[in-house]
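Engineer: here's a sequence, model it:
(2 chains)
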Amino acid sequence: AQSVTQLDSQVPVFEEAPVELRCNYSSSVSVYLFWYVQYPNQGLQLLLKYLSGSTLVKGINGFEAEFNKSQTSFHLRKPSVHISDTAEYFCAARLNTGNQFYFGTGTSLTVIP
Amino acid sequence: NAGVTQTPKFQVLKTGQSMTLQCAQDMNHEYMSWYRQDPGMGLRLIHYSVGAGITDQGEVPNGYNVSRSTTEDFPLRLLSAAPSQTSVYFCASALGVYYGYTFGSGTRLTVV
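Structural biologist: Have a look, this model is predicted:
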């Protein structure tokens, strides 16, 4: 069965420090991978996506993610975080043969001044 | 463009009541889905649709019905509300399988 695992439920980090939010997926077929951000009391917004091609994907707000097929990972990174990055981040995967999105349980990023 | 519009934003129901959560999008998206979000569980797919007249079940479909009579609308019906259905519900739409979803702002439902 398809699943998405976010290894860290909470990540505190100081302002201007780098951050990595981890995501692993389990699938025997090719997947499309996404990262979303959810600010308090809002819906989810798409940060970036990987469909094929270059394994390093750049998104909005200075975030990037690297697809690693051998490790079945799609970790999200930002070299220097801001207070405004405090939010919940969700990794999601979609099989290239199906119509369902599978979401991870989310990682709460807190940026400390 | 309004994007994905969900109504109502908040709702309190008594156990056993029924209601419909409305979802409309004006982007001519074929794909639409309903998710529920519960603490520590991420988003779980309830039902989804790949076009008008086509719907399918997701991970947690029990107690919910959907229909897709038009491309724009995808209402979610709670047949007989239960406290376990207390959650935040999100509707989302996408242009196609290569695109990420656009999410509505959510409906916070409490069943007492």
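
Engineer: apart from its neighbours in sequence, what residue is nearest the residue nearest the centre of chain B?
Structural biologist: The centroid of chain B falls nearest to B:W34 when counting by Cα atoms, centre = their mean (3.0 Å). Using Cβ to Cβ, 6 or more residues apart in numbering or on different chains and skipping residues adjacent in sequence, the residue nearest B:W34 is B:I46, 4.4 Å away. Any C-beta I mention is one placed from the backbone N, CA and C, and that applies to glycine too.

Engineer: would you mind measuring from B:V60 to A:A92?
Structural biologist: 16 Å (Cβ to Cβ, to the nearest Å).

Engineer: and those two? which has more neighbours close in?
Structural biologist: For B:V60 versus A:A92, neighbours defined as other Cβ atoms under 10 Å in any protein chain shown are more numerous around A:A92 (25 against 18).

Engineer: which element is the more buried one on?
Structural biologist: In this assignment (DSSP states H and E), A:A92 forms part of strand A:87-95.

Engineer: about what we covered before: I figured the residue nearest to the centre of chain B was touching B:H47, is that so?
Structural biologist: Yes: counting by Cβ atoms under 8 Å, B:W34 does reach B:H47; the two are 5.3 Å apart.

Engineer: any residues in contact with both of the two?
Structural biologist: Counting by Cβ atoms under 8 Å, 6 or more residues apart in numbering or on different chains, the common neighbours of B:W34 and B:H47 are B:G58, B:Y64, B:V66, B:L76.

Engineer: pull the contacting residues for the second one.
Structural biologist: In this case it means B:Y64. Applying Cβ under 8 Å, 6+ apart, we find B:Y64 in contact with B:W34, B:I46, B:H47, B:L76, B:R77, B:L78, B:L79.

Engineer: so what does residue 84 have for phi and psi?
Structural biologist: Chain wasn't specified; assuming chain A. As for A:S84, its main-chain torsions (degrees, to the nearest 10) stand at phi -70, psi -10.

Engineer: meant chain B actually
Structural biologist: phi -70, psi -10.

Engineer: contacting residues around it?
Structural biologist: B:S84 sits next to B:V111 when contact means Cβ under 8 Å, 6+ apart.

Engineer: mind checking how far it is from B:L76?
Structural biologist: 16 Å.

Engineer: same question for A:Y50.
Structural biologist: 30 Å.

Engineer: quick check: mean pLDDT across the strand ranked longest in chain B?
Structural biologist: Counting by DSSP state E, the longest strand found in chain B is strand B:42-51. On average, the pLDDT along strand B:42-51 is 92.
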